[in-house]
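Colleague: The sequence and its predicted three-dimensional model are supplied below.
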Amino acid sequence: MVKEAYRRFFLNKVWLYLVMVALVSIFLYTYVSSLGVSGETMNLLVFVLLFLGGFPALLALMNMFGAFFKILAFTREIKGFPEFIRERLEYDFQSGDQIGDLYFTNSHLLVFQVRGGRGQGMACIPYREIREVRVAPRYANGVFLEILLENRYSHYVYFPSGVKPGTVPAIGEKISGLLSRMESLERVPQEVRKAEKREAQREERKKLSSMGGVFMILDFGAIMGFCGAVMYAEQCRERLYLAESAGYFLEMSQRGRLLFFPNLLFYIAMIGGPLLLLASLLVFLRRWGGETDAWSLEWKTRWKLVAFTVLVVLFLLFLGSMYASDVEAWRSLKEGFFLLFGGVAP
């Protein structure tokens, strides 16, 4: 469903109109400029192009931006549903039970239109919230269908050729039939519903367990990478100290390599590791506002992982800053850079 929404957005004819406006404006401006007209004429042409082409193009672009944000809201709403409901909605959408841009699923009415106006565009409306479906009285030409909701808001669906006489009764019959089917399914014994809920919770636990395992591997990987970078930097530092103590002359490129690359690796591990962990933490917590009923079962596990990751980040930053100040890693990094790439000592 989400892919289809974005496909309709990018294949909308408004983009072709904007491209045509830009091409025609560039052609006219180039053609008139080649005629050697005066500056006042060029200014008048630019004003006409901006008024006749730019203003409608700007309105069209604003409309498309509004449609894009509505697609984002539609996507968030769909992703907030439990997985089995999303799968059912996707299946019903692919089956193609529709009237115009209205798609009828088991529980929701999907509206698939790329429009940026108020109360228009993408929508996922539960059947229980629909009070009435009628031709919009505020539009005299009868090309908009109005879906009145329980919260006293309305959603408008655009029909380019007008709302035909049998459209409204057909939509009402479909919604009534699907509501009756939903009510009959709700009479399923309580034990079956509890079993389905337990199964959904078990699946959520499996997902959380797998995500947590990957997250713990990242934490320990960041620690091991940091320790390895420190050990490598100390090894190179020891080699440089022994060479200088023995009076062995090192070339600038050799000394630059021993100073630059170990310290660069150290800073990458000290800064890149915490950044990677924080980015992974944001990805892990992305579903915080999702299915709270199932996710609340493992809230202790989530908080333990979050607390452990924050401690790892603080540990890496604290230990790294202490080590860097003790061995003057930044000064060594700059010195190695100048020796290796500049060929001169700083």
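Modeller: Thanks, I have it. Residues are numbered from 1 along each chain as shown.
Colleague: how about the helices of the stretch 151-300 of the chain, start to end?
Modeller: Using DSSP state H, counting those that start in this stretch, the helices of the stretch 151-300 of the chain run over residues 167-185, 190-245, 252-267, 273-284, 292-295, 299-327.
Colleague: For the third one, give me every contacting residue.
Modeller: If you take C-beta atoms under 8 Å, 6 or more residues apart in numbering as the criterion, helix 252-267 is touched by 229-230, 232-233, 235-237, 239-240, 250, 320, 323-324, 329-330, 332-333, 335-341, 343-345. Where you see a C-beta, it was placed from the backbone N, CA and C, and this is true even at glycine.
Colleague: Repeat that for the fourth one.
Modeller: With contacts defined as C-beta under 8 Å, 6+ apart, helix 273-284 is touched by 211, 215, 218-219, 222-223, 225-226, 302, 305-306, 309, 312-313, 316-317.
Colleague: that older thread, out of the helices of the stretch 151-300 of the chain, nearest to Met64?
Modeller: Of all these, helix 167-185 sits nearest to Met64, with 27.2 Å by C-beta to C-beta.
Colleague: List the buried residues of that closest one.
Modeller: Under the neighbour-count criterion of 16 or more other C-beta atoms under 10 Å, helix 167-185 has 167-168, 171, 174-175, 178 buried.
Colleague: where does this structure have low pLDDT?
Modeller: Across the chain, the ranges flagged by pLDDT under 70 are 31, 35-37, 139-140, 185-197, 200-213, 286-302, 342-346.
Colleague: what's the residue nearest the centre of it in contact with, if anything?
Modeller: Compute the mean C-alpha point of the chain, and by C-alpha atoms, centre = their mean the closest residue is Leu72, 8.4 Å away. Applying C-beta under 8 Å, 6+ apart, we find Leu72 in contact with no residue.
Colleague: quick one: which helix or strand includes it?
Modeller: helix 55-79 (DSSP states H and E).
Colleague: That helix: what's the following helix or strand?
Modeller: Once the chain leaves helix 55-79, the next helix or strand it forms, by DSSP H and E, is helix 83-95.
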